[in-house]
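[1] Okay, here's the prediction I keep looking at, along with the sequence it came from:
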Amino acid sequence: MDKIVIRGGERLIGEAGVSGSKNASLPIFAASLLTEGENLLHNVPRLQDIQTISKVLKNLGVKVHGEGNTYRIDATEVTNEEAPYDLVKTMRASILVLGPLIARLGKARVSLPGGCAIGARPINLHLMGLEAMGAKIELRSGYVEAKADRLKGATISFDTATVTGTENLMMAATLAKGKSVLQNAAMEPEVSDLANVLKKMGAKIEGVGTSLIEIEGVESLHPTEHTVIPDRIEAGTLMIAAGLTRGNIKLLKCPFRHMETVILKLRETGMEIEPEGEGVRVVGTRRIRSVDVKTQPYPGFPTDMQAQFMTLMSLARGLSIITETIFENRFIHVNELQRMGADIRIQGNTAIIQGVESLSGAKVMASDLRASASLILAGLAADGVTEVSRVYHLDRGYEGLEKKLAGLGANIRRVKEEG
Ligand code: EPZ
């Protein structure tokens, strides 16, 4: 297992490119199951999670060929309907093949994803929607077993906005008989990117980007070509890196318009963030102001930026309050930040952060994808050396983050860990 070693204190200066979105790529890969022929996808990030979804698709008989950031996915032959436990347990987003498989084959056997470090992460809303569309669902020995002669359009109301739930049901509805309406649908840009791909494949979808999505089922879809949107969470992570180091960076291919709430909050802390030519200029400040944040579904402040923002607040002047409303256990990074000298107290789903003058480098351990990013960010600003272990969490969702940071002047390197 590798570790990342950082000597803090370097100001980040220069340019970095934002990679394609992980959370747009994953459902778009799954959407290839809906049609014969080859989907051609550009700007796909080279990530562990992309390897995993590729393995899940190959296991179903789909041909997946990646060269750099371009992938060719040909689902002409779907010879198997099972997504096995040993793959799904490494990435719960594998559940995104469930809807497309039922729509394409009329059957699916997908391992229940189970919980993860940040929460129980149930899929009851995915299953509720598929049953409303006529699928027969049984849970047997840890698997979802689904059958449907042909899905029929239905009106589905989510009592909680769910990103992959919306994506799964939107994909299933494209080939259902009749009209489906998704109420309280997730509005994340990644959901919209998937919807735009489905429309290019011939799907009839109205209300993209809103919480009311209407899908008129069609008899069949056809393959298409698409460039995945940039990753707003990686972009936000790099912005905070500049904010923590009084940096002055330019982000290329930055999805500025998908980051309104994050940018407003970062400006409140004293950072300057403005479009500049084809990119976005990000300037940190010596005095980081403390700002309260509450995570919300899009367009609110994203839960995937909560850990990174907490690192910034740990060095702000004053007290800030961060409330996590989406996941029940997404403060695992707090213990590790405290070991670096952060002053953070947890009360239920609320963290109270008293900014400190400085953090001290330490050996810390990553626990989940965004927690590992928050610890690397802390290392950039800490006095001395920080070693972040278990960075396989990081590799799931960031394409060469340490290389991008090193390119901006950070003293950071990846070390192969013995054993
Ligand atoms: C997606 O996960 C993202 N993953 C997550 O990003 C992100 O944190 C999350 O959305 C919230 O924005 C992908 O897109 C691959 P949800 P998802 O369903 O779809 C509850 C990262 O770091 N819920 O929107 O699994 C659920 O428990 C990852 O890249 C149900 O109760 O999240 C949670 O409280 C981490 N029943 C809330 O809804 C369901 O059937 C939102 O979860 C489904 C969800």
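    Structure's in. What do you need? Numbers count the residues shown, from 1 in each chain.
[2] Kindly report the residues of the protein close to the ligand.
    Residues of the chain found near the ligand (CB under 6 Å from any ligand atom) are 22-23, 26, 93, 119, 121-126, 160, 162-165, 186, 303-304, 326-327, 369-370, 397. Heads up, the C-betas are built off the backbone N, CA and C, glycines and all.
[3] Filter those down to the buried ones and hand me the PyMOL line.
    Provided next is the PyMOL selection string for whichever of the residues of the chain next to the ligand are buried by 16 or more other CB atoms under 10 Å:
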select buried, resi 22+23+26+93+121+123+125+126+162+163+164+165+186+303+304+326+327+369+370+397
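[4] Residue 58 falls within a helix, correct?
    Yes. Under DSSP: H, G, I helix; E, B strand; the rest coil, residue 58 falls within a helix.
[5] Show me what counts as buried in stretch 286-306.
    Residues of stretch 286-306 classed as buried: 288-291, 293, 295, 297-298, 301-306 (neighbour count, 16+ other CB under 10 Å).
[6] Show only the entries of the residues you listed found in helices.
    With DSSP state H as the criterion, helices contain residue 306 from among the buried residues of stretch 286-306.
[7] Reformat the buried residues of stretch 286-306 as TSV; add pLDDT.
    Formatted as TSV, the buried residues of stretch 286-306 follow (pLDDT from 0 to 100):
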residue	pLDDT
288	97
289	98
290	98
291	98
293	98
295	98
297	98
298	98
301	98
302	98
303	98
304	98
305	98
306	98
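[8] which residues of the stretch 51-200 of the chain fall in strands?
    Using DSSP state E, counting those that start in this stretch, the strands of the stretch 51-200 of the chain run over 63-67, 70-74, 82-83, 107-111, 136-140, 143-147, 155-157, 179-183.
[9] Quick check: mean pLDDT of stretch 108-128?
    Averaging pLDDT along stretch 108-128 gives 90.
[10] Check the offset of it from the chain's centre.
    Chain-centre distance of stretch 108-128: 16 Å, with CA atoms, centre = their mean, to the nearest Å.
[11] Distance across it, terminal residue to terminal residue?
    Start and end residues of stretch 108-128 are separated by 15 Å (CA to CA, to the nearest Å).
[12] go on, stretch 35-50?
    20 Å.
[13] Just give the nearest non-adjacent residue to the residue of the stretch 201-350 of the chain found nearest the ligand, would you?
    At 4.5 Å from the ligand, residue 304 is the closest residue in the stretch 201-350 of the chain, using CB to the nearest ligand atom. Excluding the flanking residues, the one nearest residue 304 by CB to CB, 6 or more residues apart in numbering is residue 233, at 4.6 Å.
[14] same deal with residue 90?
    Distances taken as CB to CB, 6+ apart place residue 52 nearest to residue 90, at 5.6 Å, with adjacent residues excluded.
[15] shouldn't the one you found be in contact with residue 97?
    No. Assessed by CB atoms under 8 Å, residue 52 is found out of contact with residue 97, at 11.5 Å.
[16] Those two: which is more packed in?
    When neighbours are counted by other CB atoms under 10 Å, residue 52 and residue 97 differ, and residue 97 comes out ahead with 31 against 18.
[17] Thank you kindly, that will do.
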